[in-house]
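1. Structure, please.
(one chain, ligands or ions: 1)
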Amino acid sequence: YGTTGVNGKGNLEIGGVDAVELAEQFGTPLYVYDVSLMRERARGFKKTFEEQNVKAQVAYASKAFSTIAMLQLAEEEGLSLDVVSGGELYTAIAAGFPSEKIHFHGNNKSREELEMALDHKIGCIVVDNFYELELLKNICLEKNETISILLRVTPGIEAHTHDYILTGQEDSKFGFDLQNGQAEEALKTALRFNHFDVLGLHCHIGSQIFETTGFLLAAEKIVAKMNQWKNSFNFEAKVLNLGGGFGIRYTSEDEPLLPSQYVSEIIKEVKRLIEQYSMEMPEIWIEPGRSLVGDAGTTLYQIGSSKEVPGVRKYLAVDGGMSDNIRPALYQAKYEAVLANRPLAEAIEKVSIAGKCCESGDMLIWDLPLPETEDDDLLAVFCTGAYGYSMANNYNRIPRPAVVFVENGKATLVVKRETYEDLLRLDLPLK
Ligand code: LLP
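-> Below you'll find the model as predicted:
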């Protein structure tokens, strides 16, 4: 992918930088991001909207990987930003991200978080439920502020990897139900209050989706609703936000589409619906997270101990694990990997890659084909860029890894490695 390849020394190279040298310079485990691939992904989404003359916002779902450098890159690429907590909002502000391009999500935003959003005059709040509608209204009155909002709805579509299930009554903690009158109730409440500028509707149907069917069905349901609301409430939605969820290729079993393919099919369908109902074309907003950063990330580990269970399997342990990538333990997520110091060496056996945490479930990859390994070998695990570092934790008091960005032969440290002192930063002694 992107700029990942093999250099003259026979080592893995990312962004023109030797992965073995990265490990020597910055230590392991190390998150390495191929910046040009992230730019390419961002441009892929944006360009398709531009080429088709559709007003759009591509908002990076920062939960996938939120750090100051990443958000600055998102800004450079002209993306908007989706934040889901005060912490993500704080990071965005610290990165100097333009507040009018920030959208705030979440099913239980606190008073403090909503006040922070208003104080920073962010672009829009995606209102999730009646409790929030009331709370936000009160805060707007207290501060005498107006705010743009989207109403998050659950269209009754659950999208999964290869299939989709239509559920009449969606069982989800997020959003107003589109089928049973909840969404109308929310709209009426919001329209009565003149401190709200109701921009339109939002939905998010799932994550790591390979087909467009779910997005098209969601668009169909929501545009039909917009048409109803135009006729019955004289409310014209300006924005149709279809969320994120575009899949990426973690292993050869995955067959995602390209950003441009997802977007062009969505545009085609929305245009068809708009024509059918004789409506104005709304702005289309999307919120990709994984598909912007996922395949740009590679984690480098030092290989350490091994254990043979005769006739069963060989375990090979690395110097990280579920503390820096919890996805295999949490979702049985699958990854591919090679030895960074000889990626082309022929695989002779299958080994299972274990983490170093005190937990049997701390396995990163089962049955990975590898050459015979030696001390000092480095393992490069691919496609760890989304929900890897952002879900890293300090289980077993393991410090979180460093993060470097590589581009055009240059490596830049963007998150320092955590130290033991950092781990104790919040601890207070008993006496
Ligand atoms: N918009 C909303 C409202 C979302 O809830 C999400 C993800 C996104 C956008 C971005 O979705 P993406 O494009 O990244 O699929 N921790 C899980 C993924 C959780 C996704 C939650 N919401 C994982 O590691 O697979």
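2. At the contact with the ligand, which residues of the protein appear?
-> 61, 64, 82, 105, 204, 207-208, 243-246, 287-291, 327, 331, 386-387 (CB under 6 Å from any ligand atom). From N, CA and C alone the C-beta is placed, and that goes for glycine too.
3. These in strands, which ones?
-> The strands, defined by DSSP state E, take in 61, 82 from these.
4. need the helices for this protein, in chain order.
-> For the chain, the helices defined by DSSP state H cover 19-26, 35-51, 68-76, 86-94, 111-119, 130-143, 182-192, 213-233, 259-277, 290-293, 327-331, 420-423.
5. Need those in a markdown table (columns: mean pLDDT and distance to G5).
-> A markdown table is the format used below for the helices of the chain (pLDDT from 0 to 100; distance: least, CB to CB, whole Å):
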| stretch | mean pLDDT | distance to G5 |
| --- | --- | --- |
| helix 19-26 | 98 | 10 |
| helix 35-51 | 97 | 12 |
| helix 68-76 | 98 | 22 |
| helix 86-94 | 98 | 32 |
| helix 111-119 | 98 | 43 |
| helix 130-143 | 98 | 48 |
| helix 182-192 | 97 | 49 |
| helix 213-233 | 96 | 33 |
| helix 259-277 | 97 | 22 |
| helix 290-293 | 98 | 20 |
| helix 327-331 | 96 | 25 |
| helix 420-423 | 98 | 34 |
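6. Mean neighbour count, these: which tops it?
-> Ranked by mean neighbour count under mean count of other CB atoms under 10 Å, the helices of the chain are led by helix 290-293, which reaches a mean of 30.
7. Quick one: list the elements packing against that one.
-> Judged by 3 or more CB pairs under 8 Å, 6 or more residues apart in numbering; DSSP states H and E, helix 290-293 is in contact with helix 35-51, strand 56-61.
8. Direction included, what does the last one pair against?
-> Meaning strand 56-61. The sheet places strand 56-61 alongside strand 80-83 (parallel), strand 283-286 (parallel), with pairing taken from DSSP bridges.
9. export the helices and strands packed on helix 290-293 to CSV and tack on distance to Q25?
-> Below are the helices and strands packed on helix 290-293 laid out as CSV (distance: least, CB to CB, whole Å):
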stretch, distance to Q25
helix 35-51, 17
strand 56-61, 28
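10. Counting neighbours, what do you get for the residue of the stretch 101-250 of the chain found nearest the ligand?
-> Ranked by CB to the nearest ligand atom, the top residue of the stretch 101-250 of the chain for proximity to the ligand is G244, at 2.8 Å. Using other CB atoms under 10 Å, the number of residues around G244 comes to 24.
11. just checking, it touches V293?
-> No: contact criterion CB atoms under 8 Å: G244 and V293 do not qualify, at 11.4 Å.
12. that older thread, JSON lines for the strands paired with strand 56-61, including mean neighbour count and mean pLDDT?
-> As requested, the strands paired with strand 56-61 are exported to JSON lines (neighbours: other CB atoms under 10 Å; pLDDT from 0 to 100):
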{"stretch": "strand 80-83", "mean neighbour count": "27", "mean pLDDT": "98"}
{"stretch": "strand 283-286", "mean neighbour count": "23", "mean pLDDT": "98"}
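13. Could you export those strands as TSV, including distance to A92?
-> TSV is the format used below for the strands paired with strand 56-61 (distance: least, CB to CB, whole Å):
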stretch	distance to A92
strand 80-83	6
strand 283-286	17
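14. out of these, nearest to L430?
-> Nearest to L430 among the strands paired with strand 56-61 is strand 80-83 (36.9 Å), distances taken as CB to CB.
15. how near is the residue lying closest to D119 once chain neighbours are set aside to L114?
-> Nearest non-adjacent residue to D119, counting by CB to CB, 6 or more residues apart in numbering: K143, 7.9 Å away. For K143, the distance to L114 (CB to CB, to the nearest Å) stands at 10 Å.
16. V32 now?
-> For V32, the distance to L114 - CB to CB - is 37 Å.
17. again, but for G243
-> On the measure of CB to CB, G243 and L114 end up 21 Å apart.
18. Kindly report the same for E75.
-> Distance, E75 to L114, by CB to CB: 23 Å.
19. How many neighbouring residues does the nearest residue to A183 once chain neighbours are set aside have?
-> Nearest residue to A183 in three dimensions, chain neighbours excluded: F176, at 4.4 Å (CB to CB, 6+ apart). Neighbours of F176 under the rule other CB under 10 Å: 22.
20. so F176 bridges to which residues?
-> F176 forms beta bridges with V153, as assigned by DSSP bridges.
21. hmm, back to that, out of the residues of the chain next to the ligand, which end up buried?
-> Among the residues of the chain next to the ligand, those scoring as buried are 61, 64, 82, 105, 204, 207-208, 243-246, 287-291, 327, 386-387 (criterion: 16 or more other CB atoms under 10 Å).
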